[in-house]
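Student: Make a model of this:
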Amino acid sequence: MLDINLVRNNPELVKENIRKKFQDQKLPMVDEVIRFDKEYRDTIKTSDELKARRNALSKANGALYGKLKKAATEEEKAEIQKQIDANSAEVKADADQQAVLDAKREELEAEIRKRMLVIPNIIDESVPIGKDDSENVEIEKFGEPVVPDYEIPYHVDIMEKLNGIDLDAARKTSGNGFYYLMGDIARLHSAILSYARDFMIDRGFTYCVPPFMIHGDVVTGVMSFAEMENMMYKIEGEDLYLIGTSEHSMIGKFIDTILDENTLPRTMTSFSPCFRKEVGAHGIEERGVYRIHQFDKQEMIVVCKPEDSPMWFDKLWQNTVDFFRTLDIPVRTLECCSGDLADLKVKSLDVEAWSPRQKKYFEVGSCSNLGDAQARRLQIRVKGEDGKKYFAHTLNNTCVAPPRMLIAFLENNLKADGTVAIPEALRMYMGGKDHIG
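Tutor: Down below sits the predicted model:
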């Protein structure tokens, strides 16, 4: 959510940013916010004037009551009482008007907030301009993408050959989009997460297992309403949502807090299951365990000073690249263009892993700098050394999210004889095994 002062003082900048994101339907909202904001401030001014007048009249009545006690004649008392009654009538009339103004102010606040929540954040100057993900820009590649001279089967076939997955049973118990992982594949899944945990701890991040359900005010604080509707599962009859990523509850941990500047940055890494609607029909490569309703993930978040967020953005995505390279998986990074950025994001970069089967890269992680958008919504503030308060910047990034990541792992480590090589980094988590199969 933007600073209202930016919309007041530089509406053309806000509109130009909307155009860069190809969301022209939101342009009228800027003028609507300005109009509602003027009404809102006028209402507050009138309300303050009424309050001052009521105080003055009440004070005057206090003095009149003193005179009433000292009045010598009935005629004098009647005159004073008449003035008291007149003042009291004005106080009541002003109070009634005040109630109307208070209701109007709340209504205007709601109208302003409703629009401010959907006006997109100001994107970084370095973000490439484009309509959708087809116009994202490749930044770097890491590792040599190899297509072996033997066939790489569909990932479900690889898992089934290793007795590692049961989709049919999951459809019976839970429906499409769920799975049972079994045996060495299930162990590999857990090993990857354990390795990711230790990998991030070794990089100085504090490990955390967060709540897997959060309140609605946290949801609207960390993401846009459209994202919430498309992603989140709500617990019926309660103000609770299943998290779509642990970033939600990790950032939510700091709601309504004032952090001392000298305690920043706060760097945390978290494990959690994630729950997403993931609706829609997809091709064969996106069936199996590619688009699913439930998966596990190792996430990382940073809460920092505004001037430090670009540096942390670069560190976060590099963490993911380094992690995948230790597992012998070629990856590349893509700069997300303006039209592919979610509304709260200032800048975002996707990490994609190489698929020998598809002979292309596919997304396995996303790194985002959200500026002060989440902090402004959740009231996460920092107290500087000078005593002044300002909003923190928040960032998040995926370290690894199996079982989707298992697709890249299995395809890149599959041998001609059908066995799967276990890289050195994972062997201690796999009981010393150097292969499965």
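
Student: quick one: low-confidence parts of this structure?
Tutor: 279-287 (pLDDT under 70).

Student: try it again with 50
Tutor: 280-282, 284-285 (pLDDT under 50).

Student: just the helices in it please.
Tutor: Taking DSSP state H to define them, one finds helices in the chain at 4-9, 11-20, 27-70, 74-116, 155-161, 167-173, 183-202, 216-222, 225-231, 246-252, 309-325, 373-378, 404-413, 424-427.

Student: and of those helices, who's closest to Arg291?
Tutor: The closest of the helices of the chain to Arg291 is helix 404-413. By CB to CB, the value is 8.3 Å. No exception for glycine: its C-beta is placed from N, CA and C like everyone else's.

Student: in the closest one, what counts as buried?
Tutor: Arg404, Met405, Leu406, Ile407, Ala408, Phe409, Leu410, Glu411, Asn412, Asn413 (16 or more other CB atoms under 10 Å).

Student: got a list of what the closest residue to the last one other than its chain neighbours touches?
Tutor: Using CB to CB, 6 or more residues apart in numbering and skipping the chain neighbours, the partner closest in space to Asn413 is Ala421 (4.6 Å). Listed by CB atoms under 8 Å, 6 or more residues apart in numbering, the contact set of Ala421 reads Asp328, Asn413, Lys415, Asp434, His435.

Student: With Glu90 instead?
Tutor: Glu90 touches Arg53, Leu57, counting by CB under 8 Å, 6+ apart.

Student: what do you get for Met1?
Tutor: So Met1 contacts Met116, Leu117, Ile119, Asn121, Ala373, Arg376, Arg377 (CB under 8 Å, 6+ apart).

Student: and those residues as JSON lines, adding distance to Asn9 and neighbour count?
Tutor: Below are the contacts of Met1 laid out as JSON lines (distance: CB to CB, whole Å; neighbours: other CB atoms under 10 Å):
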{"residue": "Met116", "distance to Asn9": "15", "neighbour count": "19"}
{"residue": "Leu117", "distance to Asn9": "20", "neighbour count": "16"}
{"residue": "Ile119", "distance to Asn9": "15", "neighbour count": "22"}
{"residue": "Asn121", "distance to Asn9": "17", "neighbour count": "24"}
{"residue": "Ala373", "distance to Asn9": "18", "neighbour count": "26"}
{"residue": "Arg376", "distance to Asn9": "17", "neighbour count": "21"}
{"residue": "Arg377", "distance to Asn9": "21", "neighbour count": "23"}
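
Student: do you know how far the residue sitting furthest away from the middle of the chain is from Phe275?
Tutor: Within the chain, Thr73 marks the point farthest from the mean C-alpha position, 73.3 Å out by CA atoms, centre = their mean. Using CB to CB, to the nearest Å, we find Thr73 at a distance of 81 Å from Phe275.

Student: Can you say which of the helices of the chain is packed in most?
Tutor: Highest mean neighbour count among those (mean count of other CB atoms under 10 Å): helix 246-252, with a mean of 27.

Student: residue contacts, Asp133?
Tutor: Residues in contact with Asp133, defined by CB under 8 Å, 6+ apart, are Cys336, Cys337, Asp340.

Student: 7 Å instead?
Tutor: Neighbouring residues of Asp133 by CB atoms under 7 Å, 6 or more residues apart in numbering: Asp340.

Student: So what's the residue count around the closest residue in space to Asp256 that isn't next to it in sequence?
Tutor: In this structure, Asp256 finds its nearest non-sequential neighbour in Gln379, 5.0 Å apart by CB to CB, 6+ apart. For Gln379, the neighbour count with other CB atoms under 10 Å is 13.

Student: Verify the stated contact: Gln379 with Leu259.
Tutor: No. Counting by CB atoms under 7 Å, Gln379 does not reach Leu259; the two are 11.4 Å apart.

Student: which residue is nearest the centroid of this structure?
Tutor: Central residue of the chain (CA atoms, centre = their mean): Val222, 3.4 Å from the mean position.

Student: distance of that one from Ser366?
Tutor: Val222 is 14 Å from Ser366, by CB to CB.

Student: what do you get for Leu240?
Tutor: If you go by CB to CB, the gap between Leu240 and Ser366 works out to 25 Å.

Student: In terms of packing, which of these two has more residues around it?
Tutor: The residue with more neighbours, out of Leu240 and Ser366, is Ser366; 21 against 16, by other CB under 10 Å.

Student: wait, what's in contact with that one?
Tutor: Residues near Ser366 by CB under 7 Å, 6+ apart: Ser348, Asp350, Thr398.

Student: Pretty sure the second one sits against Leu334.
Tutor: Yes. Taking CB under 7 Å as the contact criterion, Asp350 and Leu334 are neighbours in contact, 4.6 Å apart.

Student: between the two, which one's more packed in?
Tutor: Taking neighbours as other CB under 10 Å, Asp350 and Leu334 compare with Asp350 leading, 24 against 20.

Student: Now do the contacts for that one.
Tutor: Applying CB under 7 Å, 6+ apart to Asp350 gives the contacts Leu334, Cys336, Glu363, Ser366.

Student: beta partners for it?
Tutor: Beta-bridge partners for Asp350, by DSSP bridges, are Leu334, Ser366.

Student: sorry, back to before: in a markdown table, list the helices of the chain along with distance to Met300.
Tutor: Listed next are the helices of the chain as a markdown table, based on distance: least, CB to CB, whole Å:
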| stretch | distance to Met300 |
| --- | --- |
| helix 4-9 | 29 |
| helix 11-20 | 27 |
| helix 27-70 | 33 |
| helix 74-116 | 28 |
| helix 155-161 | 26 |
| helix 167-173 | 29 |
| helix 183-202 | 6 |
| helix 216-222 | 15 |
| helix 225-231 | 20 |
| helix 246-252 | 9 |
| helix 309-325 | 6 |
| helix 373-378 | 15 |
| helix 404-413 | 15 |
| helix 424-427 | 18 |
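
Student: wait, Val303 sits on Phe254?
Tutor: Yes. Under the criterion of CB under 7 Å, Val303 makes contact with Phe254 at 6.0 Å.

Student: Are there residues contacting both of the two? Which ones?
Tutor: With CB under 7 Å, 6+ apart as the test, Val303 and Phe254 both reach Ile380.

Student: Strands of the stretch 251-400 of the chain, start to end?
Tutor: Taking DSSP state E, counting those that start in this stretch as the criterion, the stretch 251-400 of the chain carries its strands at 257-260, 266-275, 294-304, 331-335, 347-355, 360-369, 380-383, 389-391, 393-400.

Student: Please identify which of the helices of the chain is closest to Ile129.
Tutor: Nearest of the helices of the chain to Ile129, taken as CB to CB: helix 11-20 at 5.6 Å.

Student: Put the alpha carbons of that closest one into PDB.
Tutor: Only the C-alpha atoms of helix 11-20 are listed here, as PDB (Å, rounded to 0.1, in the frame of the first residue of the first chain):
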ATOM      1  CA  PRO A  11      -0.600  11.500  -8.700                       C
ATOM      2  CA  GLU A  12       1.000  11.500 -12.100                       C
ATOM      3  CA  LEU A  13       3.800   9.300 -10.900                       C
ATOM      4  CA  VAL A  14       1.300   6.800  -9.400                       C
ATOM      5  CA  LYS A  15      -0.600   6.800 -12.700                       C
ATOM      6  CA  GLU A  16       2.500   6.300 -14.800                       C
ATOM      7  CA  ASN A  17       3.400   3.300 -12.600                       C
ATOM      8  CA  ILE A  18      -0.100   1.900 -13.200                       C
ATOM      9  CA  ARG A  19       0.400   2.300 -17.000                       C
ATOM     10  CA  LYS A  20       3.800   0.500 -16.700                       C
END
